[in-house]
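**Student:** Fold the following.
(2 chains)
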Amino acid sequence: DGGITQSPKYLFRKEGQNVTLSCEQNLNHDAMYWYRQDPGQGLRLIYYSQIVNDFQKGDIAEGYSVSREKKESFPLTVTSAQKNPTAFYLCASKTSDSYNEQFFGPGTRLTVL
Amino acid sequence: AQSVTQLGSHVSVSEGALVLLRCNYSSSVPPYLFWYVQYPNQGLQLLLKYTTGATLVKGINGFEAEFKKSETSFHLTKPSAHMSDAAEYFCAVRGPNSGNTPLVFGKGTRLSVIA
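**Tutor:** Prediction:
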């Protein structure tokens, strides 16, 4: 089945440690996105990538980094510079046509202790 | 630039009652509009979308929405609420010819259904 995989579902890390969240898609989508979700704040865009080897900062990129070496993969690293990393992280992808929707993965809940 | 306002962060309805979730957008050109649903600890699932053509759009789970250009609105409705409709709902917008630029989301409306 085609879809978006995010792993793990739950992730715990100690404060000060970098952590990488995985996002893989087998939909052959060109664009991929990372969002952060906190209660009452909706979805906030962290980074997005429209093609391989290219990505753009979103609204809250500070403390995060990404790479896009393969079309299928768009990992997100939460660095120790991110002051409040505990949140629900959602990955999405879409085809190149403007009228098409974004497809979302199941999310990863990161808790920093 | 586009923006979305969802009126009401929390809406509560009785089972069997009408569901109305409000969404207003701001865009200099007719946009593409989307409604998503999110169940707890899950990703977002597309309910319906408006791109061009018929302004009344039907989606999954009995939901529908109407694009009203004069009111810059895209409200989501369902004639009869079911307990399984309890979730968070997000309205989103993208400008036409905007390729892969990200959707702009509203802050969401949490729907509670009372038995």
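
**Student:** Would you agree A:K9 is in contact with A:L110?
**Tutor:** No - here A:K9 does not reach A:L110: they are 10.6 Å apart, not a contact under C-beta atoms under 8 Å. Bear in mind the C-beta positions are built from the backbone N, C-alpha and C, glycine included.

**Student:** which of those two has more neighbours?
**Tutor:** Legend: neighbour count by other C-beta atoms under 10 Å in any protein chain shown for A:K9 and A:L110, higher for A:L110 (21 against 10).

**Student:** Mind telling me what element that one is part of?
**Tutor:** If you go by DSSP states H and E, A:L110 is part of strand A:108-112.

**Student:** can you give me the mean pLDDT across stretch A:8-19?
**Tutor:** Stretch A:8-19 comes out with an average pLDDT of 92.

**Student:** Show me which residues of it are buried.
**Tutor:** Along stretch A:8-19, these residues count as buried under the neighbour rule (16 or more other C-beta atoms under 10 Å in any protein chain shown): A:L11, A:R13, A:V19.

**Student:** Nearest to chain B among those residues?
**Tutor:** Of all the buried residues of stretch A:8-19, chain B sits closest to A:L11, with 13.2 Å by C-beta to the nearest C-beta.

**Student:** Surely B:S70 forms part of a helix?
**Tutor:** Yes - B:S70: assigned to a helix according to DSSP: H, G, I helix; E, B strand; the rest coil.

**Student:** Specify the beta-bridge partners of B:C23.
**Tutor:** Assessed by DSSP bridges, B:C23 has beta-bridge partners B:Q6.

**Student:** Return the distance of the residue lying closest to A:I51 once chain neighbours are set aside relative to A:Q37.
**Tutor:** Nearest residue to A:I51, sequence neighbours excluded (C-beta to C-beta, 6 or more residues apart in numbering or on different chains): A:D30, at 6.0 Å. Distance, A:D30 to A:Q37, using C-beta to C-beta, to the nearest Å: 24 Å.

**Student:** who has more neighbours, these two?
**Tutor:** The neighbour comparison of A:D30 against A:Q37 (other C-beta under 10 Å) goes to A:Q37, with 22 against 17.

**Student:** OK, contacts around that one?
**Tutor:** Applying C-beta atoms under 8 Å, 6 or more residues apart in numbering or on different chains to A:Q37 gives the contacts A:L43, A:R44, A:A87, A:F88, A:Y89, A:L90, A:G107.

**Student:** so what strands line up beside the lowest-mean-pLDDT helix or strand in chain B?
**Tutor:** One helix or strand of chain B scores below all others by mean pLDDT, DSSP states H and E: strand B:104-105, with a mean of 92. Strand B:104-105 pairs in its sheet with strand B:87-94 (antiparallel), by DSSP bridges.
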